[in-house]
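Engineer: sequence plus the predicted model coming up.
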Amino acid sequence: MREFSSDFRSEFFDLLKWRRDVRHFKTDPIPQDSLTECFEAFRLAPSVGLSEPWRIVHLSTDDVRAKAYANFKAQNDKALSGYSGDQAKKYADLKLAGMKEAPEQFAIFCDDSTTKGSGLGASTMNEARRYSVVSAIMSFWLIARAHSLGLGWVSILDPAQLCRDLDVPDDWTLVAYLCVGYPEEESLQPELEAKGWEDRSDVLQIIDR
């Protein structure tokens, strides 16, 4: 059995602690070899039935990025209108996307109709394929952090509009919009906690049955 040293485990926990959802990026380009190694995380990731349902779209042109940002801006303005008072002010002060600065941006989809894996493990829980995509994204996130890269997961988007703008197949479901780049600054504290939006729980509740 492969064993890992206590030093490795300590370093791994540091990696987990320093993994942040980044919104403030430097515009410096990412070396291609670093990016290639990070995407190996998808190839190595587990998936239900070995279906490998992730589909990755690289937003490489100013035109598609502008459409994605317009999508975010419209949905962000709509979300702001749903808050009032002090909470509205806090929301307006949050930086919820790094889409104008991040040098690399990717839309990650789940191919819900893939025949790979022959439906194993997904016949009763079709969403298991999407969970597999999320698992692969987390692996990507951690190896990116190990390369000193930051990742921001943008969820304030209209998925249907983004699918149309990127012209992807109808049976692909948007799971994540990822901004990737070197962070302007680093912190162990989540930005939403630092800005007073929410506090991180100190206790993990595990329910016995």
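Structural biologist: On my side now, so go ahead.

Engineer: from now on I want contacts and neighbour counts done on CA atoms only, so please keep to that.
Structural biologist: Will do.

Engineer: quick one: residue 195 from residue 91, how far?
Structural biologist: 9 Å (Cα to Cα, to the nearest Å).

Engineer: now do residue 126
Structural biologist: Distance from residue 126 to residue 91, counting by Cα to Cα: 34 Å.

Engineer: tell me which element residue 69 falls in.
Structural biologist: Under the criterion of DSSP states H and E, residue 69 resides in helix 62-80.

Engineer: could I get that helix in PDB with only the CA atoms?
Structural biologist: The C-alpha trace of helix 62-80 is given here as PDB (Å, rounded to 0.1, in the frame of the first residue of the first chain):
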ATOM      1  CA  ASP A  62     -12.000  39.000 -26.300                       C
ATOM      2  CA  ASP A  63     -15.500  38.600 -27.900                       C
ATOM      3  CA  VAL A  64     -16.600  35.500 -25.900                       C
ATOM      4  CA  ARG A  65     -15.100  36.900 -22.700                       C
ATOM      5  CA  ALA A  66     -17.000  40.200 -23.200                       C
ATOM      6  CA  LYS A  67     -20.200  38.200 -23.600                       C
ATOM      7  CA  ALA A  68     -19.500  36.200 -20.400                       C
ATOM      8  CA  TYR A  69     -18.700  39.400 -18.500                       C
ATOM      9  CA  ALA A  70     -21.900  41.000 -19.700                       C
ATOM     10  CA  ASN A  71     -23.800  37.900 -18.600                       C
ATOM     11  CA  PHE A  72     -22.200  38.200 -15.100                       C
ATOM     12  CA  LYS A  73     -22.900  42.000 -14.900                       C
ATOM     13  CA  ALA A  74     -26.600  41.500 -15.700                       C
ATOM     14  CA  GLN A  75     -27.100  38.700 -13.200                       C
ATOM     15  CA  ASN A  76     -25.000  40.500 -10.500                       C
ATOM     16  CA  ASP A  77     -27.200  43.700 -10.900                       C
ATOM     17  CA  LYS A  78     -30.300  41.500 -10.600                       C
ATOM     18  CA  ALA A  79     -28.900  39.800  -7.500                       C
ATOM     19  CA  LEU A  80     -28.100  43.200  -5.900                       C
END
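
Engineer: rewinding a little: mind checking which of residue 195 and residue 91 has more residues around it?
Structural biologist: Using other Cα atoms under 10 Å as the criterion, residue 195 and residue 91 rank with residue 91 on top: 19 against 13.

Engineer: so what's the model's average confidence on the longest strand along the chain?
Structural biologist: Ranked by residue count under DSSP state E, the longest strand found in the chain is strand 172-181. Per-region confidence: strand 172-181 scores 98 on mean pLDDT.

Engineer: noted, bye for now.
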